[in-house]
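> Test case, fold it:
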Amino acid sequence: SRERAIASIGRIGKPAVAPLLRKVSKLHALGCARALARIGEPAIPALIQALTEGDDLMRIQRAAEALGEMGPAAKASVWALGRTTQHDDMWIRIASLDALGQIGPGALGVAPAIRSCLYDPWVRVPISAAEALWRVTGEIKLPVDTLLRSLRDVDESIRDTALQALGRIGPTPRVIRILIRTLNDVAEPPRRTARQVLAEYGDVALPALLEALG
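Model prediction:
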């Protein structure tokens, strides 16, 4: 019932922005973020303000996620998101990087801020930074190098997340070789992800897979 009510409020449009932002709590967070994203451009100024003012961490994170769901239409928020990639909270950094990646080439002006996150001490942040850098700049080598480091992590969920990002970068020969090597991972989730990505690549991956059979 709450989710349906939030969705209905979102359909009101611009007058609903302030009430939705007030309700961004752990209980309503995801629904409110999606409703704000559906409102689109009229919500952007308030979302930028939510990114830069106050100390409600959940509100900041969900504002970044809502802007990311808008994609390239949220280009006006790029500089604010660039600043929050340096936030003390890991999840806000990740949400901001993901949002910039979804905005794409329109976020090129904050590419240096994205690059600075490639060596973040929290292991999930470099994964988001690598994918964002690829989506924003089209660079492949540096993002792949970063994800390759993440594939050495002891946590299988980190390796799995890095593989998913690597798969989205695309079927370059180097990425295909990395995925084939990961078929030997000690844990099933990364092995399964590598299999799925290689299968999705189809004929492009076939020569390397045939060679691996030998």
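> Tell me the spacing between the residue nearest the centre of the chain and Arg135.
Relative to the mean C-alpha position of the chain, the nearest C-alpha, by C-alpha atoms, centre = their mean, is the one of Asp98, at 2.8 Å. According to C-beta to C-beta, to the nearest Å, Asp98 and Arg135 sit 10 Å apart. From N, CA and C alone the C-beta is placed, and that goes for glycine too.
> that older thread, for the residue nearest to the centre of the chain, which three-state class applies?
When classified by DSSP: H, G, I helix; E, B strand; the rest coil, Asp98 comes out as helix.
> re earlier: what is in contact with Asp98 and Arg135 at once?
Common neighbours of Asp98 and Arg135 are not found (criterion: C-beta atoms under 8 Å, 6 or more residues apart in numbering).
> so Leu148 sits right up against Ile178, yeah?
Yes - if you go by C-beta atoms under 8 Å, Leu148 and Ile178 touch, sitting 6.4 Å apart.
> tell me which residues in stretch 79-93 are buried?
80-82, 84-85, 87, 91-93 (16 or more other C-beta atoms under 10 Å).
> should've said stretch 200-212
Within stretch 200-212, the residues scored as buried using 16+ other C-beta under 10 Å are 201, 205, 208.
> Same question for stretch 119-136.
Residues of stretch 119-136 classed as buried by neighbour count (16+ other C-beta under 10 Å): 120, 123-136.
> ok, which pair from the residues you listed is furthest apart?
By the measure C-beta to C-beta, Val123 and Val136 form the most distant pair in the buried residues of stretch 119-136, at 21.1 Å.
> pLDDT below threshold where in this structure?
Confidence mapping of the chain against pLDDT under 70 gives the ranges 25-27.
> tell me which element Leu206 falls in.
helix 206-213 (DSSP states H and E).
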